[in-house]
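In: All I have is the shape, not the residue letters:
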């Protein structure tokens, strides 16, 4: 990865960046959940102002209803937040100001790889809420992240 070309994608413009796994089912969520439980440091689940360890499985999800829990994952210096908007997509957001180095970007790429390997689905990094504005893509068939910002 050429950090000098990629870093422009993380210049602060007032918007977050999103990581998506699209076209997911409950089975994809379960697979991603199991992979996330293996992370170090472990993710933290927050709901109604209370934080605690990530539950063992997704059985708890139906009980939250409208409370909108958030799963916080830390990858190096970068905070990633999952808000559980829709079962048909797994979405994490991040503040581009947290991505200040090549190591930070590589951590995001590694996280995308973990999600992609667990679900067997492509994973994309985009501008906030703009799924067609792809910055990077993980393809499980190729088993690598491609930074579209550095393509000729």
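Out: In hand now; what should we look at? All values derive from a computational prediction rather than experimental measurement. Residues are numbered from 1 along each chain as shown.
In: which stretches of this structure have low pLDDT?
Out: 60-67, 149-152 (pLDDT under 70).
In: Let me see the ranges of the helices in it.
Out: Assigned by DSSP state H, the chain shows helices spanning 3-6, 26-36, 61-64, 102-119.
In: For the strand of greatest length in the chain, report the contacting residues that lie outside it.
Out: In the chain, taking DSSP state E as the definition, the longest strand is strand 130-139. By C-beta atoms under 8 Å, 6 or more residues apart in numbering, the surrounding residues in contact with strand 130-139 are 9, 17-18, 20, 22, 108-109, 112-113, 115-116, 122-127, 144-149. To be clear about C-beta, it is placed using only N, CA and C from the backbone, and glycine gets the same treatment.
In: which of those are buried?
Out: 9, 17-18, 20, 108-109, 112-113, 115-116, 122-127, 145, 147, 149 (16 or more other C-beta atoms under 10 Å).
In: From residue 99, how far out is the closest residue to residue 148 other than its chain neighbours?
Out: What sits nearest to residue 148 in space, not counting adjacent residues and going by C-beta to C-beta, 6 or more residues apart in numbering, is residue 134, at 5.6 Å. As for residue 134, its distance to residue 99 is 16 Å (criterion: C-beta to C-beta, to the nearest Å).
In: Neighbour count: the two, which is higher?
Out: Using other C-beta atoms under 10 Å, the more surrounded residue of residue 134 and residue 99 is residue 99, with 23 against 17.
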